[in-house]
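> Everything below, folded, please.
(one chain, ligands or ions: 1)
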Amino acid sequence: MAQDIRDGRRRVIVLGTGGTIAGRAAAPGDNIGYAAGQVGVSDLLSGIEAPDGISLLAEQVAQIDSKDMTSVVWRELALRCAHWLAEPDVAGIVITHGTDTLEETAFFLQSVLSPHKPVVLTCAMRPATALAPDGPQNVRDALVVAAMPGAHGVVAVCAGTVHSAFDVRKVHTYRLDAFDSGDAGPLGYVEEGVVRLHRSWPGAAADVASGLFERMIEARTWPRVEILVSHAEARGSIVDSLLQERRLGAAEPVQGLVLAATGNGTLHHALEEAALRAQSAGVAVVRATRCAQGRILPKAGEAESIPSVGALTPVKARIALMLELLGSPSTA
Ligand code: SIN
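Prediction:
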């Protein structure tokens, strides 16, 4: 259901998906014992001033705890974003979202839309019922970014900091400033309604593979890609179980594996051997580092038997591989 909040010349659309920002706790002092995704997105906007010359329109796309994010919600979100971005008077979009998978949704939307207007995900670490909720200021800052002339691409705004969808990741379980952009650093900051930009916005439209958006919308199911972590005493038995499922004709057989590798992309030998068996059986396998910072650097003159994904985190590598497989002939 859409609701007009205020009349104006340009619009910012606010899409609600749930999260702690829409959470309710029984006691106002409780910042962790709450249910996420309870308060409607229109209510989240009450008392928040729109940027000058902007009217707001709120639409509830989902109402979930983002740990339970699904391809159904992602598909709907991508469709609503594409619809609103095509409206000439829409300056940008704000998405209220849980913090737990915000980086995945941001990366997914950037990968399928690469929008030439801003799509700004925002969130909160404290529920709406907290004594001092952080959501309202985050929403206000996100509206400023979404209304900013020249802004484009998918970004996240939290605790006054603007992060690119490519770099953002949740790094803290409790602090209000829970996100980081790793080595790349934030795109900028929002200070008293003004954006101080340090880097350029994420790339626009040309980056999206041709037809990817349509294939993503039309596919009955998306390719199944699993993440497996390499660690002390890692085994290949989970890979072998997945291969066995494929052989037995499972309804959704594994099509891709992301190996969350140690350090500069190394794997426990047992996991590596199993991963190579998976590769021979037609499963796409890539390596991402499980390190919180840095990228996998290729070794000069050494061919990679399992390709690496550079700086992508395992969860973003999973999305990148799933979208790549969506475009491959076997899953089309
Ligand atoms: C969620 O991700 O939906 C719950 C946790 C949060 O938003 O901080």
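> Need the nearest residue in space to the closest residue to the ligand within the stretch 201-332 of the chain, chain neighbours excluded.
Closest to the ligand within the stretch 201-332 of the chain is residue 315: 13.2 Å, counting by Cβ to the nearest ligand atom. In short, each C-beta sits where N, CA and C put it, glycine included. Leaving aside its sequence neighbours, residue 315 sits nearest to residue 104 (Cβ to Cβ, 6 or more residues apart in numbering; 5.3 Å).
> if we can go back for a sec, sec struct for the residue of the stretch 201-332 of the chain closest to the ligand, please.
Following DSSP: H, G, I helix; E, B strand; the rest coil, the label given to residue 315 is helix.
> Show the contacting residues for it.
101, 103-104, 227 (Cβ atoms under 8 Å, 6 or more residues apart in numbering).
> Report the mean per-residue pLDDT for whatever helix or strand the residue nearest to residue 315 lives in.
Assigned by DSSP states H and E, residue 104 falls within helix 102-113. Helix 102-113 shows a mean pLDDT of 97.
> Contacts for it next, please.
Contacts of helix 102-113 (Cβ under 8 Å, 6+ apart): 17, 19, 66, 69, 74, 77-78, 81-82, 85, 95, 97, 115, 119, 121, 123, 153-156, 165-166, 168-170, 179, 202, 208, 212-213, 216, 313, 315-316, 319-320, 323.
> what's the answer for stretch 218-228, then?
With Cβ under 8 Å, 6+ apart, stretch 218-228 has contacts from 71, 216, 238-239, 242, 252-260, 271, 284, 314-315, 317-318, 321-322, 325-326, 331.
> and the closest residue to the ligand within the stretch 151-300 of the chain, how many neighbours?
Going by Cβ to the nearest ligand atom, the ligand is nearest to residue 178 of the stretch 151-300 of the chain, at 7.6 Å. Residue 178 has 20 neighbours, counted by other Cβ atoms under 10 Å.
> helix, strand or coil for the closest residue to it other than its chain neighbours?
Leaving out its chain neighbours, the residue that sits closest to residue 178 by Cβ to Cβ, 6+ apart is residue 172, at 4.3 Å. Under the three-state scheme (three-state DSSP), residue 172 adopts coil.
> Show me the contacts of stretch 218-228 that map onto helices.
With helices defined by DSSP state H, the entries of the contacts of stretch 218-228 inside them are 71, 216, 238-239, 242, 271, 314-315, 317-318, 321-322, 325-326.
> my read is residue 73 is in a strand, agree?
No: according to three-state DSSP, residue 73 belongs to no strand; its state is helix.
> about what we covered before: and of the contacts of residue 315, the nearest to residue 293?
Nearest to residue 293, judged by Cβ to Cβ, of the contacts of residue 315 is residue 103 at 14.6 Å.
> Of the contacts of residue 315, which pair is most distant in space?
Most distant of the contacts of residue 315, by Cβ to Cβ, are 103 and 227, 13.9 Å apart.
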